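# Next come a sequence and a model predicted from it.
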Amino acid sequence: MTAIGALVTVTLRGLLGRRRMLLMLLLAALPVLVGLIIRVAGGSPNTAQILDALVIRTVLPLVALIIGTAAIGSEI
């Protein structure tokens, strides 16, 4: 393992604790589950708008907040 690989591993281990990782996995699975429910229910004419609102406006900021808190939390 190179020095950069070791640095990346240590950084990711520090930023992505067990609880944070589980929360981010649940948040990442949410759009997939909503998409599957829409598909099983017969589809919807505004599916793209629903998934856009869910992923871009909800999940992405939450994931950024979780990672940002982890990165800045140790500095404060």
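Arrived safely, thanks for sending. Fair warning: this is a prediction, and the values are worked out from it, not measured in the lab.
# pLDDT (mean, whole number) over the longest helix anywhere in the chain?
Ranked by residue count under DSSP state H, the longest helix found in the chain is helix 18-40. When pLDDT is averaged along helix 18-40, the result is 81.
# and residue 62, how far is that from residue 43?
Separation of residue 62 from residue 43 (CB to CB, to the nearest Å) stands at 27 Å. For every residue, glycine as well, the C-beta is placed using N, CA and C.
# neighbour-wise, which of the two wins?
Shown here are residue 62 and residue 43; by other CB atoms under 10 Å, residue 62 has more neighbours (13 against 8).
# residues contacting the more buried one?
residue 27 (CB atoms under 8 Å, 6 or more residues apart in numbering).
# Looking at it now. What's its pLDDT?
83.
# which helices and strands does the longest helix of the chain pack with?
Applying 3 or more CB pairs under 8 Å, 6 or more residues apart in numbering; DSSP states H and E, we find helix 18-40 packed against helix 47-54, helix 60-73.
# ok and that helix relative to helix 60-73, angle-wise?
If you take axes from the mean of the first three to the mean of the last three CA atoms, to 10 degrees, helix 18-40 sits at 170 degrees to helix 60-73.
# Thanks a lot, catch you later.
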